[in-house]
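>>> Provide a 3D model corresponding to the input given below.
(one chain, ligands or ions: 2)
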Amino acid sequence: MVTRFFSAIFGIGLAVAIPPAHGADEIEAKAQPCAACHGDKGVPTDPKTIPVIWGQEQSYLMKQLRDFRNGERASAIMSPIAKDLAEGDLRKIAAYFAAKTWPARRASAKPPLPPKGIAQCQACHQPNFQGGMPAPRLAGLSYEYLVAAIRAFATEQRTNNLDMPKFMQMLTERERNAIARYLSAL
Ligand code: HEC
Ligand code: HEC
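Numbering: from 1, shown residues only. Ligands and ions are numbered 1, 2, ... in the order given. Here you go, the predicted structure:
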């Protein structure tokens, strides 16, 4: 009686839960190695060099994985990792991380004052810097990562976007650093 009760429940549970859970489990397993650096709660193990990917724009994540694979964006660490992923999984992995929540941080007591030159960034990165369609979220990335990414565009070391190098070159190094400081405090 009890066994039949359980097997009935279990049977239904399996029939209903397994098909959707299967695909999700598969992507979850493939995304597991990413946690070693990008963090198992979304906080990177070294935020100075590793960006947050939890809650980042899906199309941006997808494009970066493709760019790391085809060499449009160079990274000694990410290029081999992205090349190891199956082409058909890139979209699912991007969706998996985009659906997660950007890791919460305690808000700074006093919101920092917007530095010179930042207004033009909002057209794409959105007024709150939380990203939109092709443009990634910037708010809350670390100061060091932002400075490195901005410098990589400015020096045309990173050229996987037509506009970003030009925009970064229009700013002085001082202005760029002030912008990175501001964004990292949001
Ligand atoms: C050994 C550490 C490590 C592992 C493991 C790792 N990453 Fe990364 N990831 C990095 C570093 C470092 C960068 C920054 C590269 C750069 O500066 O250009 C990065 C950057 C990225 C970016 C670009 C984000 C942005 O804001 O520009 C994406 C997307 C990404 N990783 C996805 C993944 C996925 C998906 C996995 C698992 C399949 C993964 N990473 C595994 C270290 C790692
Ligand atoms: C015309 C739209 C546009 C404007 C304006 C713009 N950006 Fe971007 N930005 C983008 C896009 C699109 C990307 C993604 C590039 C890629 O594919 O790697 C990007 C990427 C970035 C990144 C890399 C983030 C990461 O996770 O690696 C930083 C940092 C950044 N922008 C800072 C800025 C700042 C600071 C300004 C203003 C001075 C600015 N952007 C203005 C569109 C824009």
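>>> Three-state assignment for the spatially most central residue of the chain, please.
Nearest to the geometric centre of the chain sits I53, at 2.5 Å (CA atoms, centre = their mean). Put simply, I53 is coil when judged by DSSP: H, G, I helix; E, B strand; the rest coil.
>>> got any ranges where this protein has weak pLDDT?
The model of the chain has pLDDT under 70 over residues 1-22.
>>> if you go through it in chain order, where are the helices?
2-31, 35-38, 58-70, 78-84, 90-98, 122-125, 143-154, 164-169, 173-184 (DSSP state H).
>>> Pipe these into JSON lines and attach distance to ligand 1 per row.
Any C-beta I mention is one placed from the backbone N, CA and C, and that applies to glycine too. Listed next are the helices of the chain as JSON lines, based on distance: least, CB to the nearest ligand atom, whole Å:
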{"stretch": "helix 2-31", "distance to ligand 1": "6"}
{"stretch": "helix 35-38", "distance to ligand 1": "3"}
{"stretch": "helix 58-70", "distance to ligand 1": "4"}
{"stretch": "helix 78-84", "distance to ligand 1": "5"}
{"stretch": "helix 90-98", "distance to ligand 1": "5"}
{"stretch": "helix 122-125", "distance to ligand 1": "12"}
{"stretch": "helix 143-154", "distance to ligand 1": "6"}
{"stretch": "helix 164-169", "distance to ligand 1": "11"}
{"stretch": "helix 173-184", "distance to ligand 1": "12"}
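>>> Can you get me a residue count around S59?
Using other CB atoms under 10 Å, S59 is surrounded by 17 other residues.
>>> which residues sit in contact with it?
S59 makes contacts with A94, M133, P134, as judged by CB atoms under 8 Å, 6 or more residues apart in numbering.
>>> now do 10 Å
Neighbouring residues of S59 by CB atoms under 10 Å, 6 or more residues apart in numbering: R91, A94, A98, G131, G132, M133, P134, A135, P136.
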